[in-house]
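Asks: Can you look at this prediction? I've put the sequence above it.
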Amino acid sequence: MSTYLTRRLTYMLLILFAASLLIFLLYALTPGDFVTSNIKLTAARKAELRELYGLNKPVLERYGIWIKNAFHGDFGFSLAQQKPVLTLFHDYIWNSFLLAATSTFFTWVFAVIIGVISAYKQYSWFDTLVMVFIFAAMSIPSFFIGLFLIKIFAVDLKWLPPGGMLTTGSNAVGMAYVREVLRHMTLPVAVMTLLGIGSLTRYFRSNMIDVIKQDFIRTARAKGMTERTVLYRHALRNALLPAITLVGFELPGLFGGSLIIEKIFNWPGIGQLYMQSFSVRDYPLLMGFTMLIAVLTVIGTLLSDILYHVADPRVKL
Amino acid sequence: MVHSACAHISAIDRFIGVRQSQRLGGKHKPGRIGELGQHRGLRQRCAFGQCGSRRRSAANGLIQAADLSKLPETAKKRTDTVIVGLTDPSGAFTPYFTQSGYDGNVNSLLFTPLVTVDNKGVPIPALAEKWEISPDQLTYTFHLRKNAKFSDSTPVTADDVAFTWTILHDKAYDGDTDFSLVKVKGGQAYKDGKATSVEGIKIIDPETISVTLEQVNATALLYLGGEVLPKAYYGKDYKQGNLDTLKSLVTKPLGNGPYKLEKFIPGQEVRFVANENYYAGKPKIEHFIYKTTDGDTWQFIETGEQDFGGFSATQDNIDKLKKLGFLNIQPYIANNYGYIQFNHEHDALKDKRVRQALTYGLDRKTIYVDSNQGAAQVANIPASPVSWSYTEDGINPYNYDPVKAKALLDEAGWKVGASGIREKDGKKLTLHFIGSKKKTTDVLIAVAKENYAAIGVDFQPEQFADFNAQIAKYDSGDFDLVAFSTSLLTDPADGVVDFVNGNVNGYDNPKVKELYNKAIATTDIEQRKAIYKELYQVINDDLPYLFTSYNKSVYGYNGRIAGIEVNPSRGIAVSLPNWTLDPVK
């Protein structure tokens, strides 16, 4: 195990190093830079600014500077926002995390329940209905569902707020604050859950169908166990096993923000910030954010493998 | 690990799927008309941070709210707060150091400039009580108001003004105000480190300051008359060549405007509270909030979460706003213009007759006005109808006329070839157009392809989803036509400067240069008006650009608010201190 971990960690560092170089080059070679789109400036002033920002240096030298600072924990200063990149992450990322974590939780809970029932009652009317609903939810674009729900619940019925995270101008603290945020996150979480639930339900359903057909389930039934015990203790546990690896892959998604949901619901998350940074070529922020996602992805993969080993000792690492 | 591999695919598949739909979805939502979206840059910045909502307030165009009883409960409950939407303030709220145009809207409430402009763009006193310009037009003397104070109640002095002008000449200054254009005497020497102060700046007494320029420049007044930063706060550790301490204070502004910053909640709100030290008296509405709304604002207007919103003046939008009943509706025209730039390095386009033919041969009314349900007006000169310099006297409207276009092309020697495309010296008249990916450009391309085919011109469009990528293509010179719109035109000179400073590659018209220089060599507005009229006539005939349109928009705002006037150059900042919120009837 420990040699495995050492080896894995070395690989991870190499992968991240290569990824950072690749990402840096991709951003640096995208047409235009931070100064380009500022059309009010004269060519002379643009040249001055490029020198001040260090944009006139060769790309590899710029990368060298970036990685050196990154090793010292300095991810730079956002050019557009005039704040340190890490401060900006702190300002926005937790809002995205709140939405993603909640909706992931609900997605998993609903997917497991619906998946198990529809597998158990394969080809029943319930199964068919659920599958139709799930495919519909997966196929409708998120902006449509989002705007539609806003129209119904916020504008027409006025049950829920139309967007944002707080009631504008609100000074709520403590429980009142929590309630306010909960009310505001209801619609975005609902939409994200609806969108995510489809593939996961189908995944659990097919796993469950595989497991139910196995010999040990027949044995369990033959021993005279109740159907409930057979289903939940024996079948579900084994059906969930492969899903454990999925947990690791959710990790980057939890922090990555969701551009369209955040835009529609006016949610102050990192996804919107990222898109704005891209359109103005705010390199420090783009690099910092993409590397954060890269790090989380690598950690998530490692986590998946370890979890799988823990859950199923037959899997050797 | 069979199961595991399966899991990988499933998970990645889901991840990519979601991401792609998000991207596609993002493009379905066009930029909002409120403050900045329609300009040439996604990131549009202004020299004075006054990137406000630039709108015209014509007293006659106002439509009063029909039925205030329809006002949503949320809006009725507010007694001392007004909420206005703003796309994306970043938190850097110090003038000259702001990198996003949206922050300029915030700055304009926190800081009042020395000189502001009226609705026609004519300079009027603000923090400076008055100013004098010497007979040689090189020395400007500003007299500060005796009651001008920062929000911490310290007086605004000539020292603060001198400090502000000085740091803008510092070589470490990396903002987008380019003071080198003003040519303050000794400015360059300070920047190069050859002098320890800017020679041209003279403090006469605590309330009077003068500055001498090297060259007469009519646009200098608004540069010099910008916002004043308190030296005691921003400049306590300033050393020439190092602005680090100042930059660390950018997010914690100390200003002298009508409002003070109460709280900034990233991505959500900028909260302001009335400044009791404001020179013109404390504003009547205690709290003001800029709500961050990146995307549609309809739902916030409809539910009363927002008091004020800007929309494109399409008939649909106007009808919808009227139907809500509780909004006052105010039409306005933006203080900028849209255009298609010709590549003057392209041989065919060097010929004025070809440029005129392309203008006559394009049905601009259909493209910009009709397809937009009237939310625009056809442009023919490089100035907006809201500007004091605007004129229609002696201006050719270039109404759609394919017959005339054909005649002009014939005259220029472009004859219809076998393929139906015009040719000259064996070369076909093919034009490569580049533009951004948005609805107006889609319409333009569809109509232009047809219009130009009818006059024998081969039109080859290319669109870019990303503004920066479009600019990079434009910079490479690989285009014949490119569609843009200007940013806010603070001074009429801003609308024509590109024709003389080499920004329009290959365009060189001595008459335009002469008139441009003549127009900024005097600070007398009546004289300038006459010169601009002549200049616009020359440009209207010579057509360095194919002028396209002026955007029309409407504001809808809570009918309880009185006193709203929107300045085309300075947005709501000028009238905001006088807004009042009528009690609910």
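Replies: Sure, I can see it.
Asks: Run the contact check for stretch B:287-300 versus chain A.
Replies: Yes. Counting by CB under 8 Å from any CB of the partner chain, chain A has neighbours in stretch B:287-300: B:287, B:289, B:291-296, B:299-300. (Each C-beta comes from the backbone N, C-alpha and C, glycine too.)
Asks: among the residues you listed, who's most crowded?
Replies: Neighbour counts for those (other CB atoms under 10 Å in any protein chain shown) peak at B:T293, which has 28 neighbours.
Asks: how about B:Q377, phi and psi?
Replies: Phi and psi for B:Q377, reported as degrees, to the nearest 10, are phi -140, psi 140.
Asks: Setting the sequence-adjacent residues aside, check what's closest to it.
Replies: Of all residues not flanking B:Q377 in the chain, B:Y550 sits nearest, at 4.7 Å (CB to CB, 6 or more residues apart in numbering or on different chains).
Asks: Distance check, B:G325 against B:A66.
Replies: In this structure, B:G325 and B:A66 are 5 Å apart, going by CB to CB, to the nearest Å.
Asks: Correction: the previous question concerned B:N517.
Replies: For B:N517, the distance to B:A66 (CB to CB) stands at 52 Å.
Asks: And those two? Which one has more around it.
Replies: Ranked by neighbour count (other CB under 10 Å), B:N517 and B:A66 place B:A66 first, with 16 against 13.
Asks: Just say helix, strand or coil for the more buried one.
Replies: Here B:A66 is recorded as coil under DSSP: H, G, I helix; E, B strand; the rest coil.
Asks: pLDDT wise, what is it at?
Replies: B:A66 is assigned 86 on the pLDDT scale.
Asks: Let me see the contact set for B:F464.
Replies: Contact partners of B:F464, counting by CB atoms under 8 Å, 6 or more residues apart in numbering or on different chains, are B:434-437, B:470, B:473.
Asks: from those residues, which would you call buried?
Replies: B:434-436, B:470, B:473 (16 or more other CB atoms under 10 Å in any protein chain shown).
Asks: Which members of these additionally contact chain A?
Replies: When contact is defined as CB under 8 Å from any CB, the buried ones among the contacts of B:F464 meet chain A at B:K473.
Asks: A:P284 reaches A:S78, doesn't it?
Replies: Yes. A:P284 lies in contact with A:S78 (CB atoms under 8 Å); the separation is 5.7 Å.
Asks: For the two, indicate the residue with more neighbours.
Replies: Neighbours were counted for A:P284 and for A:S78 using other CB under 10 Å; A:S78 has more, 26 against 23.
Asks: rewinding a little: identify the contacts common to A:P284 and A:S78.
Replies: Jointly contacting A:P284 and A:S78 under the rule CB under 8 Å, 6+ apart are A:V85.
Asks: tally of neighbours for residue 70?
Replies: With no chain named, the answer covers chain A. 15.
Asks: nope, chain B
Replies: Residues near B:K70, counting by other CB under 10 Å, number 14.
Asks: so who does it touch?
Replies: For B:K70, the contact set (CB under 8 Å, 6+ apart) comprises B:324-326.
Asks: List only buried entries from those.
Replies: Buried members of those, scored by 16+ other CB under 10 Å, are B:324, B:326.
Asks: quick one: contacts for the residue of the stretch 201-350 of chain B found nearest chain A?
Replies: At 2.6 Å from chain A, B:G267 is the closest residue in the stretch 201-350 of chain B, using CB to the nearest CB. Shown in contact with B:G267 (CB under 8 Å, 6+ apart): A:91-92, A:95, A:267-269, A:272-273, B:292.
Asks: Save those as JSON lines, and put in secondary structure too.
Replies: Shown next, in JSON lines, are the contacts of B:G267 (three-state DSSP):
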{"residue": "A:D91", "secondary structure": "helix"}
{"residue": "A:Y92", "secondary structure": "helix"}
{"residue": "A:N95", "secondary structure": "helix"}
{"residue": "A:W267", "secondary structure": "coil"}
{"residue": "A:P268", "secondary structure": "coil"}
{"residue": "A:G269", "secondary structure": "coil"}
{"residue": "A:Q272", "secondary structure": "helix"}
{"residue": "A:L273", "secondary structure": "helix"}
{"residue": "B:T292", "secondary structure": "strand"}
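Asks: Just give me the closest of those residues to B:G502.
Replies: Each of the contacts of B:G267 was checked against B:G502 using CB to CB; the closest is A:L273, at 36.2 Å.
Asks: For that closest one, the count of nearby residues, please.
Replies: Residues lying near A:L273 (other CB under 10 Å) number 30.
Asks: Quick check, it in contact with A:H90.
Replies: No. Here A:L273 does not reach A:H90: they are 11.8 Å apart, not a contact under CB under 8 Å.
Asks: Among the contacts of B:F464, which lie within strands?
Replies: Judged by DSSP state E, the contacts of B:F464 include B:434-436 as members of strands.
Asks: Look through chain A and state the residue closest to chain B.
Replies: The minimum distance from chain A to chain B, using CB to the nearest CB, falls at A:P268 (2.6 Å).
Asks: Could you check what's spatially nearest to that residue, not counting adjacent residues?
Replies: Using CB to CB, 6+ apart, the nearest residue to A:P268 is B:G267, at 2.6 Å.
Asks: Three-state assignment for the one you found, please.
Replies: coil.
Asks: what about B:Y400, how many residues close to it?
Replies: B:Y400 has 18 neighbouring residues, counting by other CB under 10 Å.
Asks: how close does it sit to chain A?
Replies: To chain A, B:Y400 is 29 Å away according to CB to the nearest CB, to the nearest Å.
Asks: Give me the most central residue, chain B.
Replies: Closest residue to the average C-alpha location of chain B: B:L488 at 2.6 Å, with CA atoms, centre = their mean.
Asks: my guess is that one meets B:S569, correct?
Replies: Yes. Using CB under 8 Å, B:L488 is in contact with B:S569, at 6.6 Å.
Asks: Look up the pLDDT of B:I9 for me, please.
Replies: Looking at B:I9, its pLDDT is 28.
Asks: Okay, now the unreliable bits of the chain?
Replies: I went with chain A, as the question did not name one. Residues of chain A that meet the criterion pLDDT under 70 lie in A:1, A:317.
Asks: Can you look at chain B instead?
Replies: B:1-60, B:295, B:585.
Asks: just the helices in chain A please.
Replies: Using DSSP state H, the helices of chain A run over A:2-29, A:43-53, A:59-71, A:85-120, A:125-139, A:142-149, A:174-212, A:215-222, A:227-229, A:236-240, A:243-256, A:259-264, A:270-280, A:283-311.
Asks: Of the ones you listed, give the one that comes closest to B:Y96.
Replies: Among those, helix A:43-53 comes nearest to B:Y96, with 13.5 Å by CB to CB.
Asks: buried residues in the closest one?
Replies: By neighbour count on 16+ other CB under 10 Å, the buried set for helix A:43-53 is A:45-46, A:48-50, A:53.
Asks: Could you check the angle that helix makes with helix A:59-71?
Replies: Interaxial angle, helix A:43-53 versus helix A:59-71 (axes from the mean of the first three to the mean of the last three CA atoms, to 10 degrees): 40 degrees.
Asks: Cool, thanks, signing off.
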